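Q: what would the 3D arrangement of this be:
(one chain, ligands or ions: 1)
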Amino acid sequence: MFRLDGKTALVTGAGSGIGREIALLFAAQGATVAVGDIDEPAAQSVADEITGAGDAALVLRIDVTDLASVTGGVEAIVAQSGGLHILVNNAGIGMVGSLTETSPEDFARLMSVNVYGVYHCSLVAINQMLDQDPRGGTIVNIASVAGQVAVARRFAYGTTKGAVISMTQSTAMDYIDQGIRCNCICPGTVETPFVEAYLHRYHAGEVEETRAQLHARQPIGRMGRPEEIAPLALYLASDEAAYVTGAQMTIDGGLTAR
Ligand SMILES: NC(=O)c1ccc[n+]([C@@H]2O[C@H](COP(=O)([O-])OP(=O)(O)OC[C@H]3O[C@@H](n4cnc5c(N)ncnc54)[C@H](O)[C@@H]3O)[C@@H](O)[C@H]2O)c1
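A: Numbers count the residues shown, from 1 in each chain. Model prediction:
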């Protein structure tokens, strides 16, 4: 079940957190994984973990905000492994702020990584998936519950993740007859370096109290873990999910059910 043998996957932002866990799991399930990240040493270290376990990985220094970087990255993947079957649009950044606390520069920065990044990678990957033989592939976007419901003072972040949900639905419908599926995962709060950075940037001096509050904010009583998100990405990328497209899959410890 859920094997990815013979498939090549690009995971963006795979040098850390959720993306790292997805890259490790996909490789363990038989995929050749292109570990894409703007932070090349981080990508290299994840690729080393994969190859150290006897699985296949490529390292890709990729900036998802830059279409030329994404195009070059996908060309390198195809040259080395012959095709691209799975794209995980995971690279993303966050910030805290209401609308009036969000500067135009902050808004543009989040849009450029979280929205343009998904657009660029999907554009290049879908063109490749349509060209290759056999045609097709699958895309998994990492959105967020912040795109589904209002999370306090996440104006820009929620905006971008709402766009990711919408891009998921459009992409799923527009390529449904061409063998391309597209789904998204909406995680609640997951304990990764992303949350660590948030704690130190916005709550320096009260990191542990705030961490405890973040755990308590989830109805289930704790934050999620990256290894609890990766198996859903694996399922969505696998042939077992052949009937699943355009879906928003929520993993949030009950947050949106409350
Ligand atoms: N951690 C959470 O609570 C949480 C919740 C919901 C959704 N998400 C989403 O999950 C995804 C992964 O989050 P994480 O918590 O693992 O984050 P993380 O900060 O641990 O990792 C993100 C990775 O993306 C890379 N990256 C940033 N900008 C990039 C760019 N321009 N090009 C290529 N790579 C870039 C970073 O170098 C980093 O390695 C993000 O899209 C995030 O919005 C996270």
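
Q: what's in contact with the helix or strand in which Gln128 is found?
A: Using DSSP states H and E, Gln128 maps to helix 117-131. Identification of contacts with helix 117-131 by Cβ atoms under 8 Å, 6 or more residues apart in numbering yields 10, 12, 64-67, 70-71, 74, 78, 83-85, 87, 89, 91-92, 135-137, 139, 141, 163-164, 167, 171, 175, 178-180, 182. All C-beta atoms are positioned from the backbone trio N, CA, C, and that covers glycine.

Q: same check, this time on stretch 64-74
A: 10, 12-13, 34, 36, 38, 60-63, 84, 89, 91, 112-113, 116-118, 120-121, 123-125, 128.

Q: now do the nearest residue to Phe155 once chain neighbours are set aside, the pLDDT please.
A: Distance criterion Cβ to Cβ, 6 or more residues apart in numbering; nearest residue to Phe155, sequence neighbours excluded, is Leu99 at 4.6 Å. For Leu99, the pLDDT comes out at 98.

Q: quick check, Leu99 in contact with Tyr157.
A: No. Using Cβ atoms under 8 Å, Leu99 is not in contact with Tyr157; the gap is 11.9 Å.

Q: hang on, the earlier thing: just the CA trace of the helix holding Gln128, in CSV.
A: Extracted in CSV, the C-alpha atoms of helix 117-131 (Å, rounded to 0.1, in the frame of the first residue of the first chain):
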residue,chain,number,x,y,z
GLY,A,117,5.6,29.9,-5.2
VAL,A,118,2.7,27.4,-5.7
TYR,A,119,1.8,29.0,-9.0
HIS,A,120,5.4,28.8,-10.4
CYS,A,121,6.0,25.3,-9.3
SER,A,122,2.6,24.1,-10.5
LEU,A,123,3.0,25.8,-13.8
VAL,A,124,6.3,24.2,-14.6
ALA,A,125,5.4,20.8,-13.1
ILE,A,126,2.1,20.6,-15.0
ASN,A,127,3.7,21.5,-18.3
GLN,A,128,6.1,18.7,-17.7
MET,A,129,3.4,16.2,-16.6
LEU,A,130,1.4,17.0,-19.8
ASP,A,131,4.4,16.5,-22.0
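
Q: so which bits of this protein are right by the ligand?
A: For the chain, the residues in contact with the ligand (Cβ under 6 Å from any ligand atom) are 12-13, 15-19, 37-39, 42, 62-65, 90-94, 113, 117, 142, 144, 187, 189-190, 192-195.

Q: just the residues you listed: which are in strands?
A: Those of the residues of the chain next to the ligand mapping onto strands are Thr12, Asp37, Ile142, Pro187, per DSSP state E.

Q: and the strands in the protein?
A: 8-12, 32-37, 57-61, 86-89, 137-142, 180-187, 248-251.

Q: can you list the helices and strands that whichever helix in the chain runs longest packs against?
A: Scanning the chain for the helix with the most residues, using DSSP state H, yields helix 155-174. Secondary-structure packing of helix 155-174 (3 or more Cβ pairs under 8 Å, 6 or more residues apart in numbering; DSSP states H and E): helix 104-110, helix 117-131, strand 137-142, strand 180-187.
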